[in-house]
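>>> Sequence first, then the predicted structure:
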Amino acid sequence: MKHKKRWLSAALLGAVMCSLLTGCGGGNDETAQAETAGEDGLTHLSLQLSWLPQGEFMGYYVAQSKGYYEDEGLEVEILPGSSDVSPAEQVENGVVQLGNGFYTDILSYREADYDLINVAQWYQDSPLYLVSKKSAGINSPADLKGKRIGSWFGGQQYEIYALLGKYGIDRDNDVEWVQQDFTMDAFYNDQLDAASAMSYNEYHLVLDNGYSADDLNVINMNDEGVNMYEDCLFVDREWAEANSDTLTAFIRATVKGWRDACADPEEAGQICWDAGQSVSLQHQIDMCTEAAKAVCPEDIGPDKIGWIDPEEAQKTIDLGCEYTLLNEKVDYTESVDTSYWEAAVAE
């Protein structure tokens, strides 16, 4: 699951107080300085994930397991996330050098003057579904009017807002919102009509719970054209400029990890299971199988894993501006830098 919360107001206050008391805020000298190798000759990096170890992040775990980081002279610590940990705050405050999060999260933090940049877009398609039981009568998005819709919120509601807007449904008056927790219990217990579900995780939990695909209706954000960019690799711009070779090496190793994971989801599932023992081994394999479809869809291919599509990046911004994620429509080039990925895949 990826359940991230953007506590911007509290986070910004914390960052200001931290800066005043200890000088640990973004843009400090330590963050900007180039990384140096330790006694073992390896450059040490920390990566903050947005959730617990699982198939969603398989590229990193496969790269680590197969020694791709070490081959590049890197020692990488992969830090699991939680609902209380913001990868953006971790990167901004110099606690870690690398973060994994939604591109939409990065955009919102940039509006709060965090100079974070997307340097590799792992998920090309959105894995977000709205899942309903056939008995709910939601045969198309137009049928969502008058229904109870579950969302985790915390930044994951904007694609649903865009979906409702496409069909002329007033999100404030025409639907009832249900705060969805980290389980699918509200769906099982008919406390909502349409539940948010990631294609690689919650949807499979529903299937594992005894439902068949024939029992369900699924709304796919990609099919509806309201998909927004999700998981990406992001960094502080100043740190990236001071550590370009290190960042390029990290991306090169991670792309190898994603390629291997997409080519062999069963192996990737075992590696992710070994890293976190989350749910079950079979569920991790299923997660990796589905994640591969979003990371390496047929129209993209393995050579473009991590590519940032200008049209999709700008669409994310445009939809975000139209549906309350962002206050101002900006050019996507302000929030991405493809040069490190281009250098990584060219070698």
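Perfect, I can see it now. Residues are numbered from 1 along each chain as shown.

>>> all contacts plus neighbour counts: C-alpha atoms, from now on.
Will do.

>>> what's the burial count for residue 44?
17 (other CA atoms under 10 Å).

>>> pLDDT value on it, please?
Residue 44 is assigned 98 on the pLDDT scale.

>>> go on, residue 347?
On pLDDT, residue 347 comes in at 71.

>>> Let me know how buried it is, in neighbour terms.
So residue 347, with other CA under 10 Å, has 6 neighbours.

>>> need the contact list for it.
Residues counted as contacts of residue 347 (CA atoms under 8 Å, 6 or more residues apart in numbering): none.

>>> Run through the residues that contact residue 253.
Residue 253 neighbours (CA under 8 Å, 6+ apart): 63, 68, 69, 72.

>>> give me the element the spatially closest residue to the third one that is not a sequence neighbour is part of.
To tie it back to what came earlier, the one meant is residue 69. Nearest non-adjacent residue to residue 69, counting by CA to CA, 6 or more residues apart in numbering: residue 253, 5.6 Å away. Using DSSP states H and E, residue 253 falls within helix 244-263.

>>> how far out from the middle of the chain is that helix?
Averaging C-alpha positions (CA atoms, centre = their mean, to the nearest Å) puts helix 244-263 17 Å from its chain's average.

>>> now the helices for the stretch 1-150 of the chain?
Secondary structure of the stretch 1-150 of the chain (DSSP state H, counting those that start in this stretch): helices located at 8-22, 29-32, 58-65, 68-71, 87-92, 103-111.

>>> Oh, that last question was meant for the stretch 151-300 of the chain, not what I typed.
158-166, 185-188, 202-208, 221-224, 237-242, 244-263, 265-276, 281-295.

>>> next structured bit after the last one?
Counting by DSSP H and E, the element after helix 281-295 in chain order, helix or strand, is helix 310-322.

>>> buried ones in the following helix or strand past that following helix?
Going down the chain from helix 310-322, the next helix or strand is helix 339-346, by DSSP H and E. Neighbour counts over helix 339-346 (16 or more other CA atoms under 10 Å) mark 340, 341, 342, 343, 344, 345 as buried.

>>> domain parsing for the chain?
Using automatic domain parsing, the domain parsing of the chain gives 43-125+229-345, 128-224.

>>> which of these sits most buried?
Mean neighbours per residue, mean count of other CA atoms under 10 Å, is largest over the domains of the chain for domain 43-125+229-345, with a mean of 21.

>>> how long is it end to end?
End-to-end distance for domain 43-125+229-345: 20 Å, by CA to CA, to the nearest Å.

>>> was I right about residue 81 contacting residue 51?
Yes. Residue 81 is within contact range of residue 51, at 4.0 Å (criterion: CA atoms under 8 Å).

>>> can you tell me which residues contact the residue minimising distance to the centre of the chain?
In the chain, the residue lying closest to the centroid (CA atoms, centre = their mean) is residue 231, at 2.5 Å. Each residue near residue 231 by CA under 8 Å, 6+ apart is listed here: 100, 101, 102, 103, 121, 122, 123.

>>> Relative to residue 260, how far out is the residue nearest to residue 69?
11 Å.

>>> got it, and residue 127?
20 Å.

>>> what does residue 250 give?
Counting by CA to CA, the gap from residue 250 to residue 260 is 16 Å.

>>> Repeat that for residue 51.
Counting by CA to CA, the gap from residue 51 to residue 260 is 22 Å.

>>> do the same with residue 333
With distances taken as CA to CA, residue 333 is found 29 Å from residue 260.
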